[in-house]
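Enquirer: From the sequence below, what's the structure:
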Amino acid sequence: MNVIDRSEFRDEEGVITLENRIRGTLQHGLSWYGEMQAQEFVSQRLDKSLDRAHTLLRNVVIPGTNVSVSMILLSPQGIRVLEPSSAKGVFRAKGEEWLKFDGRGRRFKRARPNLQEQTLDLAQLVHRYIQKYLESQGYLEGQEYNLPEVEAVLLFANPRTHIDTARPRIRIVQADAIDHFAANLLEFQPIMDQEDIDILIEALIEPKFPELETTTEAEAELEPSVAPYEFVEEGEIFTSEAEPVGLPIQAVNRLSSLPFTRSQWILLAAIVFFELIILIIFAMLILSNMAFG
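Expert: This next block holds a predicted model:
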């Protein structure tokens, strides 16, 4: 299986150093490192069954947005957004609900974030973006390229995590079933060839938009100053030709978070506090040496 990792926190060997672990935690929250470990676990399990006809994109920021998708699997059998999770406990996926078992109350309660909803939002965003990109490149004209649906798959890395499902909205795979998931994938009828996969990799990693025609100054004054193939974030994820084509604003709010959450500010404050303590100790040592020198 081919793996293309776009994370800024992994080095060339795929290792997350201590410095990058701190940076990633400050930027994405305290659960970030655990999710990266879950991502690595799922990747290794998939690699045992999937050959080089399959390409796994990791940590891809969708062009025109600030939304990062953990894993996108491009296979002859289609496109899948894979969301690895390090969550622990007993959960229930009932319809659209995402519940977690409360040991004290001995009952299931709604859990946040809703991992089902979150994974589905990501899959819909990827589908909308790819469709818009292919349209801008002319691949969809005359049905030259039929865009397959993007399946949302939620996978768990902790073998002690159990999920009780009752008509869930997406596919949910527990840790001990990842191998079966990959093997089952190979049994599906191929719907894409390598050329199709290369086009999708281009769309997600290095999108190329048509060169814009030059206009005169008089035409520029009359026409709106919006590039026809420029994807820009604007309330509903991204737009093209000034028309919103993304997800509803509720989905955007779920996927896009503030730069720092409360827990991240606490962690940052703790790091600054300890650095100040170290600086004070060094200053005291220097002053004492000067006094007795």
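Enquirer: Do a quick rundown of the strands in the stretch 51-200 of the chain.
Expert: Shown for the stretch 51-200 of the chain, the strands assigned by DSSP state E, counting those that start in this stretch span residues 55-61, 68-75, 78-85, 90-94, 97-102, 107-110, 150-156, 162-166, 171-173.
Enquirer: Out of those, flag the one nearest residue 5.
Expert: strand 55-61 (4.5 Å; CB to CB). Any C-beta I mention is one placed from the backbone N, CA and C, and that applies to glycine too.
Enquirer: which helices and strands sit right next to that closest one?
Expert: strand 2-5, helix 32-47, strand 68-75, helix 194-205 (3 or more CB pairs under 8 Å, 6 or more residues apart in numbering; DSSP states H and E).
Enquirer: Show residues contacting that strand.
Expert: Applying CB atoms under 8 Å, 6 or more residues apart in numbering, the contact partners of strand 55-61 are 1-7, 39, 43, 46, 67-75, 197, 201, 204-205.
Enquirer: Give me the ChimeraX select line for the residues you listed, limited to the buried ones.
Expert: The ChimeraX selection below is limited to those of the contacts of strand 55-61 classed as buried (16 or more other CB atoms under 10 Å):
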select :1,5,7,39,43,46,67,69,70,71,72,73,74,75,197,201,204
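Enquirer: ok, back up a step: would you format the helices and strands packed on strand 55-61 as TSV with mean pLDDT and distance to residue 129 included?
Expert: Shown next, in TSV, are these (pLDDT from 0 to 100; distance: least, CB to CB, whole Å):
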stretch	mean pLDDT	distance to residue 129
strand 2-5	94	17
helix 32-47	93	21
strand 68-75	95	10
helix 194-205	92	8
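Enquirer: hmm, back to that, got TSV for the strands of the stretch 51-200 of the chain, with distance to residue 124 too?
Expert: Below are the strands of the stretch 51-200 of the chain laid out as TSV (distance: least, CB to CB, whole Å):
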stretch	distance to residue 124
strand 55-61	15
strand 68-75	11
strand 78-85	9
strand 90-94	18
strand 97-102	17
strand 107-110	22
strand 150-156	7
strand 162-166	21
strand 171-173	15
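Enquirer: Of those, give the one that comes closest to residue 132.
Expert: strand 150-156 (13.2 Å).
Enquirer: Can you list the strands that the closest one pairs with?
Expert: According to DSSP bridges, strand 150-156 forms sheet pairs with strand 78-85 (parallel), strand 171-173 (parallel).
Enquirer: in stretch 33-41, what counts as buried?
Expert: Neighbour-count burial for stretch 33-41 [16+ other CB under 10 Å]: 33, 34, 35, 36, 38, 39, 40, 41.
Enquirer: Equivalent analysis for stretch 23-31, please.
Expert: By 16+ other CB under 10 Å, the buried positions in stretch 23-31 come out as 24, 25, 26, 28, 29.
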